[in-house]
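[1] This is a predicted model, with the sequence first.
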Amino acid sequence: MTTPIHRGKVTQGKLILENQSRFLVDLSRLEGKEIELTIRQKKSKRSLNQNSAYWGIMIEILSECEAFGGYTKDEIHDALRKEFLSKIDPITGLTKIRSTTSLNTKEFAEYYDTIQRWAAQFLNCYIPSPNEFDYSEVMP
């Protein structure tokens, strides 16, 4: 069974659920069972605009850079993730590489900015910020 996620808002100390009836159905399925309840602030996932800018501006421009000759766009994406979203697990010594889909909007903006600076410094390649480019018709 998948774990349902219910969203809502706390207003004047009360929980207002987006879909109260769905919550009650899910709750009834757990009748007589012990449960675990987690409450946390909703995280903003990267936006569709951020994703479009990443693939339509950044990856597109990098794919045309001489340094990435012979790379596919997916290989560029993987190389960037490995360079900028990886860390060594201190227990296993293995490299963990985050997915860009796990980034929230702030983390994704930082990731984009980091790659912009890196491309300018090491590739002499200018990548415009999302607000400097019309990517409204770019499909990820």
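    Right, received. Where do you want to start?
[2] tell me the contacts of residue 13?
    The contact partners of residue 13, by CB atoms under 8 Å, 6 or more residues apart in numbering, come to none. Bear in mind the C-beta positions are built from the backbone N, C-alpha and C, glycine included.
[3] For it, give its distance to residue 24.
    Using CB to CB, to the nearest Å, one obtains 21 Å as the distance from residue 13 to residue 24.
[4] which helix in the chain runs the most residues?
    The longest helix of the chain (DSSP state H) is helix 105-122.
[5] who's sitting farthest from the centroid in the protein?
    residue 32 (37.4 Å; CA atoms, centre = their mean).
[6] just so I have it, where are all the strands in this protein?
    8-11, 14-17, 86-88, 95-97 (DSSP state E).
[7] need these in a markdown table with mean neighbour count, can you?
    Shown next, in a markdown table, are the strands of the chain (neighbours: other CB atoms under 10 Å):
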| stretch | mean neighbour count |
| --- | --- |
| strand 8-11 | 11 |
| strand 14-17 | 11 |
| strand 86-88 | 10 |
| strand 95-97 | 11 |
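[8] Export those strands as JSON lines, with columns for distance to residue 41 and mean pLDDT.
    Shown next, in JSON lines, are these (distance: least, CB to CB, whole Å; pLDDT from 0 to 100):
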{"stretch": "strand 8-11", "distance to residue 41": "10", "mean pLDDT": "90"}
{"stretch": "strand 14-17", "distance to residue 41": "13", "mean pLDDT": "90"}
{"stretch": "strand 86-88", "distance to residue 41": "24", "mean pLDDT": "96"}
{"stretch": "strand 95-97", "distance to residue 41": "24", "mean pLDDT": "96"}
